[in-house]
Structures are given as structure tokens and as C-alpha cells.
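Engineer: structure of the sequence below:
(one chain, ligands or ions: 1)
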Amino acid sequence: MGELIPLPEPVRVALGDRPRSVLIDSAALAEVRARFADSQAEALAKYLEESQSPNTLRAYRADWIGWAGWCAQEGRQALPADPLDVAVYLAAAAEARADDGVRWAFAPSTLERKAAAIAAVHAANGLPSPTRSDVVRLTLRGIRRSRRAQPKRKRPVLLHTLTELLAQLPEPGWPTEPARRRDALVLLIGFAGALRRSELATISLDDVDVQTDPGTGEPVLIIRLPVTKTDPTGVRQQQVALPRGQRPDTCPVCAYVAWTELLEIPTHEQLRAHSFETSTTLHRCHGFQGTPLSDGTGRPLFPSVSRHGRISSTAMAGRAVAELIKRYAAKAGLDPQLFSGHSLRAGFATQAALGGASDREIMRQGRWANPRTVHRYIRIATPLEDNAVTKLGL
Ligand SMILES: [Zn+2]
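Structural biologist: Numbering: from 1, shown residues only. Okay, the predicted model is just below:
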């Protein structure tokens, strides 16, 4: 991120003419020259110049250009500056976002440096600093304080939370059975697959393969993810494997069996008339081979479902997936603000870490390329592990 506002040409030209010693009070130096020998004035000038590192001088210079550009834009005077203008400028810079539109453009320390640059140029011109005024000091203090309050991290869905969310599924039977089965699968594979909401929304039935785990002989779901955030071209196709769960009600394969069984019913009328198997104590995934609906036509795995149980032919939007998770969170008495479509993914990493999975294992299933992302989740999971607080002897 460069400066907030492109610099008007006259300002750029005027600043370009300034020597590097922009921060040295030339009037004061002239006075020194008048009173002392040139060599003594030169020595003083040299050490004053050396008082700031070249990096600081460079930064101050860029900061001053930014400030002068803003003043030109707003029709305000840069030197000497009105303290209120400096405060407005710093507040506007504090609000600015980086090019990604998410992160802040300037850290509090950068904003303080911007203020320091304005102060330094005033000092160099023998002028009182506008940044000593209350309005500027309080603005900077407010910026520091507000940034110190950490942004709320989206709450990861841990296994017990997932169980709470699943407990909020609608009643078995008509007309809620389609939503019940679909939502259970969204919650389960979103969690076990560490999937993003956009990925959940775009999975088609053709992307799901049923294979047999050579170790247990039980079915495993293989979900191919054609498009990911890190690989939008789909050149390196990624897949996640979802083995059966310990309990039928938290088994992703059982949830898939239950959902596709319902999708296989050809008409809405037949669906309404169908009597559904409601037992949740037995695995239904044993021996499951797959569904004929994976026929290459690209049917969405997660179509939207109306309140009346009607299943649409189009996929849920990514936003609808996030809303679904928030809705279940609210029903479970949890703060929906803390749940996003990303929660299932964060929850996977946290729960896997609690279960003793290694970084490498977590990164593999979650397709995380950056270990730092995973470490952040693991820190949440095991705050006391590798943590010096346990060695304080409290
Ligand atoms: Zn199962």
C-alpha cells in the first residue's frame, strides 16, 4: 500500500527539489554559520544529519510527502499545520485498509511514525510541533487502544460443539427430513474434511467416490475438490478422505448414505409419501458402494431445500452454508456471530490437535500449505502445551 492519495504534480516537484537535510533547521544552521566558523557549522550539520538513520529519513520523507499530498487534496496547509488537520489525517489513515480490503493499511507504529515525521519537519523549520497538541495525542492513543483489542476470531467448532449443533437438527419425518439429512452432512463433512464454505457449496455428487479402507474394510468417502483458494486453476487437484465415524450420528459416511438415499427418490410426491428409517443407533454405511446419482451429470451434493421439503436442482450458495452453520449455533444457544463458514475448518484443526494429530497430518487433511496457520489453531487447542506459563510455578 502506497500513500493514501496520489500526490499532485506541483507538490511532487517542490518536494523533489528538497535536499536530504529536509529535517535540519536551515535557519538555525545559517545562524550558526554567522556566529561560528564554516567548518564548525559543517560539523554540526553532519552530526545532525547522522542523528537519524537513512531508513528513518527515507520513511519521514515518504510520510511528509503523504501528508503534504493529503493537505493539497483537502485544501489545508501542511506547514505550519493545524493540529486538528493532523488528527483528521491520522484518523483517516488509521481507517484505511490494505489492498486486500481486510488488513489495516498502517500499523499503529507506522501512524506514530507519520506523526513523528510531521513533528520533525516542523522542528526543522523552527516551528512548534502540532503533534504535541491534545487532539493529536488523544487520536494516537485512541488508535493504539482500539487496535490492541484483538478482532474476534471466528470460533472453531470442536467435536462437542459439533455434537451440540447436530442435536439441533430438525425432527425426523416430513417436511423436515430433507433439510435434516442435508444439514447433518454439511456439518459433518465440513468438519471432517476441513472444507471451506465455498468448497462445500460447489461439491457435486460426481466429486464423491466411495472406496474401501484396506485397513478396516469399511467405506471411505473420497471428495475431490476441483477448485481451491490456493489453486484456482485446478491443476493440482486435491482430495480429502472421510473415513466412517465412531458413532453413527457423527459418521460422515452414514450421513452421506442417508442423504443420497433420499436424493435417489425420483419425485417430490414419492418423497413425501416415503417412510424414513429413523434409527440412529446403527451404522448404515457398512458395505455401502456408492450412489447411481454420481453419473457424470454434476448434480450438486448440497442443493437448496425449501421449508416445505422441496429439493432444488441448484446448489446452495457459499453464503447459505455460512448461514446454516450460524443458524444451528444460535439454536444451540451459542453466539452465531462467532460462527462463520470458516468455523468448521478451524474446528477441524483444533479438534485434531486435541486428539493428538501431528502438524503434518492436520496440514494434509486441511490442505494447509502454511504451517503457521495450523500452529495458530493448535495454540488455541492446547494453550498450555509448550507454553512458558506452566513453568512460572504459579
Ligand atoms: Zn457409519
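
Engineer: what parts of the protein come near the ion?
Structural biologist: 244, 251, 253-254, 283, 285 (CB under 5 Å from the ion). Using the backbone N, CA and C atoms, a C-beta is placed for each residue, glycine as well.

Engineer: from the chain's centre, how far out does stretch 284-304 sit?
Structural biologist: 32 Å (CA atoms, centre = their mean, to the nearest Å).

Engineer: identify each buried residue in that stretch, please.
Structural biologist: 284-285, 288, 290-291, 294, 299-304 (16 or more other CB atoms under 10 Å).

Engineer: quick one on the thing from earlier: report the buried members of the residues of the chain next to the ion.
Structural biologist: 244, 251, 253-254, 283, 285.

Engineer: ramachandran angles for the residue in the stretch 101-250 of the chain that the ion sits nearest to?
Structural biologist: Distance from the ion to each residue of the stretch 101-250 of the chain (CB to the ion) is smallest for residue 244, at 4.3 Å. Here is the backbone geometry of residue 244 (degrees, to the nearest 10): phi -70, psi 150.

Engineer: which strands and helices lie in contact with the lengthiest helix in the chain?
Structural biologist: Counting residues, the longest helix found in the chain (DSSP state H) is helix 54-74. Helix 54-74 is packed against helix 9-16, helix 83-95, helix 108-124, with contacts defined by 3 or more CB pairs under 8 Å, 6 or more residues apart in numbering; DSSP states H and E.

Engineer: below-threshold pLDDT in the stretch 51-200 of the chain: ranges please.
Structural biologist: 100-102, 149-155 (pLDDT under 70).

Engineer: re the thing from before, just the ones of the residues of the chain next to the ion in helices?
Structural biologist: 253-254.

Engineer: among the residues of the chain next to the ion, which pair sits farthest apart?
Structural biologist: For the residues of the chain next to the ion, the maximum inter-member distance is 8.0 Å, found between 253 and 283 (CB to CB).

Engineer: next, the buried residues of the one helix or strand residue 220 maps to.
Structural biologist: Per DSSP states H and E: residue 220 is located in strand 219-225. For strand 219-225, burial by neighbour count (16+ other CB under 10 Å) applies to 219-221, 223, 225.

Engineer: other SSEs contacting it?
Structural biologist: Looks like strand 219-225 contacts strand 208-212, strand 238-243, helix 252-263 (3+ CB pairs under 8 Å, 6+ apart).

Engineer: how far off centre is that strand?
Structural biologist: 27 Å.

Engineer: could I have the CA atoms of it written out in PDB?
Structural biologist: Only the C-alpha atoms of strand 219-225 are listed here, as PDB (Å, rounded to 0.1, in the frame of the first residue of the first chain):
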ATOM      1  CA  PRO A 219     -16.200 -47.500   3.300                       C
ATOM      2  CA  VAL A 220     -14.300 -44.200   3.000                       C
ATOM      3  CA  LEU A 221     -15.600 -41.100   1.200                       C
ATOM      4  CA  ILE A 222     -13.100 -39.500  -1.200                       C
ATOM      5  CA  ILE A 223     -14.100 -36.000  -2.100                       C
ATOM      6  CA  ARG A 224     -12.300 -34.300  -5.000                       C
ATOM      7  CA  LEU A 225     -12.000 -30.600  -4.800                       C
END
